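> After the sequence you'll find the predicted model.
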Amino acid sequence: GTGTLPKHWHESGGFGTSIQGGLGGTVYKVTNLNNSGPGSFRDAVTGNNRLVVFTVGGVIDLNDSDIDLGSNVTIAGQTAPYPGITTIKGNIKMFGSNNVVSHITHHLGSEVDSYPDAWNVFGNNIVLDHVAVYWGKDETLPVMGATNVTIYKCIIAEGLQFCGHGD
């Protein structure tokens, strides 16, 4: 038969899926796996109006420090070579709005101080597409006060049970 192709997030009609994200913004290339500095993931995603692409693949250790995403940012993790992009040991906070994040894995893990969430969504018009988030010490991926959020084909799993958190 001639079935139709499955819809992708931008065709799904989900909340916030009509946004441009960082398309049309400045293209930032992540060229290393360093925690900060020129060519780093942190440097690429903390500004506004950015399309973030990758020339490297691997693990980025956030070294127990948060990342605060700007607004109008698209993180195109699918552009990374094998094995893709995984961020660890830091809370990713989406205070900015009109953001699209695709094909990224994030593990908070037990080796961070205090009891942060793994990834927070506060901004409006957010699309998470093929994102995997694991091992939050408090919550793994809470959406708080945000509007128009689509979480499409993602894995949100395995909060840490024995991490010292009182609850």
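Done, it's in. On a predicted model such as this, the values are computed, not experimentally measured, just so you know. Numbers count the residues shown, from 1 in each chain.

> you'd agree residue 16 is up against residue 129?
No: counting by C-beta atoms under 8 Å, residue 16 stays clear of residue 129, with 11.2 Å between them. Heads up, the C-betas are built off the backbone N, CA and C, glycines and all.

> SS state for the residue positioned nearest the centre of the chain?
Nearest to the geometric centre of the chain sits residue 101, at 5.1 Å (C-alpha atoms, centre = their mean). Taken by DSSP: H, G, I helix; E, B strand; the rest coil, the conformation at residue 101 corresponds to strand.

> What's opposite the nearest residue to it once chain neighbours are set aside in the beta bridge?
Distance criterion C-beta to C-beta, 6 or more residues apart in numbering; nearest residue to residue 101, sequence neighbours excluded, is residue 75 at 4.6 Å. Listed by DSSP bridges, the beta-bridge partners for residue 75 are residue 52, residue 101.

> now the one 10 residues further on
Residue 85 has the following beta-bridge partners by DSSP bridges: residue 58.

> residue contacts, it?
Residue 85 is in contact with 30, 41, 54, 57-58, 60, 77, 103-105, counting by C-beta atoms under 8 Å, 6 or more residues apart in numbering.

> Just give me the closest of those residues to residue 147.
When the contacts of residue 85 are compared for distance to residue 147 (C-beta to C-beta), residue 104 wins out at 22.3 Å.

> from memory that closest one sits against residue 87, does it?
Yes: Residue 104 is in contact with residue 87 according to C-beta under 8 Å; the separation is 6.9 Å.

> Roughly how far does the residue nearest to residue 101 sit from residue 94?
10 Å (C-beta to C-beta, to the nearest Å).

> okay, the two: which has more neighbours?
residue 75 (30 against 25; other C-beta atoms under 10 Å).

> so how far is residue 158 from the more buried one?
Residue 75 is 22 Å from residue 158, by C-beta to C-beta.
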